[in-house]
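here is my input, please return the structure:
(chains A and B)
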Protein chains: 2
Amino acid sequence: MPDLTPELLTEIRARFAHVETCPFEGERVFFENAGGALTLNSVVETSARLAAIPDNQGRDNGASRALQQMIDDARADMQVFFNTPDRNFFVGESGTELLFRLIRAACLGTPAGR
Amino acid sequence: MPDLTPELLTEIRARFAHVETCPFEGERVFFENAGGALTLNSVVETSARLAAIPDNQGRDNGASRALQQMIDDARADMQVFFNTPDRNFFVGESGTELLFRLIRAACLGTPAGR
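Numbering: from 1, shown residues only, chains lettered A, B, ... in the order given. All right, here's what the predicted structure looks like:
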């Protein structure tokens, strides 16, 4: 990747939390999927902001509609990002749970006798 | 409650996010359990700090042990807070899920013939 200059790499790394240090043990490179991948600082900030909002999607008020709009916008953004304009996105608590849902859908969608 | 002075009440209210205003619609008093109770600012900050840590309890390293210690300390604190030194605390995604687990435990713990 000739376009990935050291400067660009430094900029990318600066956007993530705990890239080179552990808050408990000092110098460390995290490389463990189950423990959680590295998290974008912007994700930490956005998650905290949304966690404090005492409302939910699916209610009949402006805050609720604003939250639903964020979800709809994010799904539309993901369609652009993955270049799949006619596909759906869904989220879950873990990769294991998502695999379970995918396998379940495949099993239930298989015609009888196959 | 004669000890709950207006000053103390103001201090208590100041510790929560969005007590009197909605970030989308302005003046509003949130009073809806399913949409989420009011959240302490310290909880928002702590959750964000922990969400950024790319490790988990149950691993063989110092960060993992520090995370497990936080959970153990929190459970011990809850025993003091509720004055139930010999009881357990468990958490879940929603009140509905916790009720399900309580009812399941009650059913499975009932002797045959009862």
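
spell out which residues of chain A are next to chain B.
Counting by CB under 8 Å from any CB of the partner chain, chain A comes close to chain B at A:17-18, A:22-25, A:28, A:30, A:32, A:34-39, A:41, A:44-45, A:47-48, A:51-56, A:59, A:61-64, A:66. No exception for glycine: its C-beta is placed from N, CA and C like everyone else's.

hmm, 6 Å instead?
Contact residues, chain A versus chain B (CB under 6 Å from any CB of the partner chain): A:17-18, A:22, A:24-25, A:30, A:35-36, A:38-39, A:44, A:47-48, A:51-52, A:54-56, A:62-63, A:66.

buried subset of those residues?
Among the residues of chain A next to chain B, the ones that count as buried by 16 or more other CB atoms under 10 Å in any protein chain shown are A:17-18, A:22, A:24, A:30, A:35, A:39, A:44, A:47-48, A:52, A:54-55, A:63, A:66.

show me the residues you listed that map onto strands.
Using DSSP state E, A:Cys22 are the members of these that sit in strands.

tell me which of the buried ones among the residues of chain A next to chain B is nearest to B:Pro6?
Proximity of these to B:Pro6 (CB to CB) peaks at A:Pro54, which lies at 23.2 Å.

dump the C-alpha coordinates for the biggest helix by length in chain A into CSV.
For chain A, the longest helix by residue count, based on DSSP state H, is helix A:62-81. The C-alpha atoms that make up helix A:62-81 are tabulated as CSV, following Å, rounded to 0.1, in the frame of the first residue of the first chain:
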residue,chain,number,x,y,z
GLY,A,62,-39.0,14.3,19.1
ALA,A,63,-36.1,12.9,21.0
SER,A,64,-37.2,9.3,20.2
ARG,A,65,-37.5,10.2,16.5
ALA,A,66,-34.1,11.8,16.5
LEU,A,67,-32.6,8.6,18.0
GLN,A,68,-34.3,6.5,15.3
GLN,A,69,-33.1,8.8,12.6
MET,A,70,-29.5,8.3,13.9
ILE,A,71,-30.0,4.5,13.5
ASP,A,72,-31.5,4.9,10.0
ASP,A,73,-28.7,7.3,9.0
ALA,A,74,-26.0,4.9,10.3
ARG,A,75,-27.5,2.0,8.3
ALA,A,76,-27.6,4.1,5.2
ASP,A,77,-24.0,5.1,5.8
MET,A,78,-23.0,1.5,6.1
GLN,A,79,-24.7,0.7,2.7
VAL,A,80,-22.4,3.4,1.2
PHE,A,81,-19.3,2.2,3.1
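
understood, closing this out.
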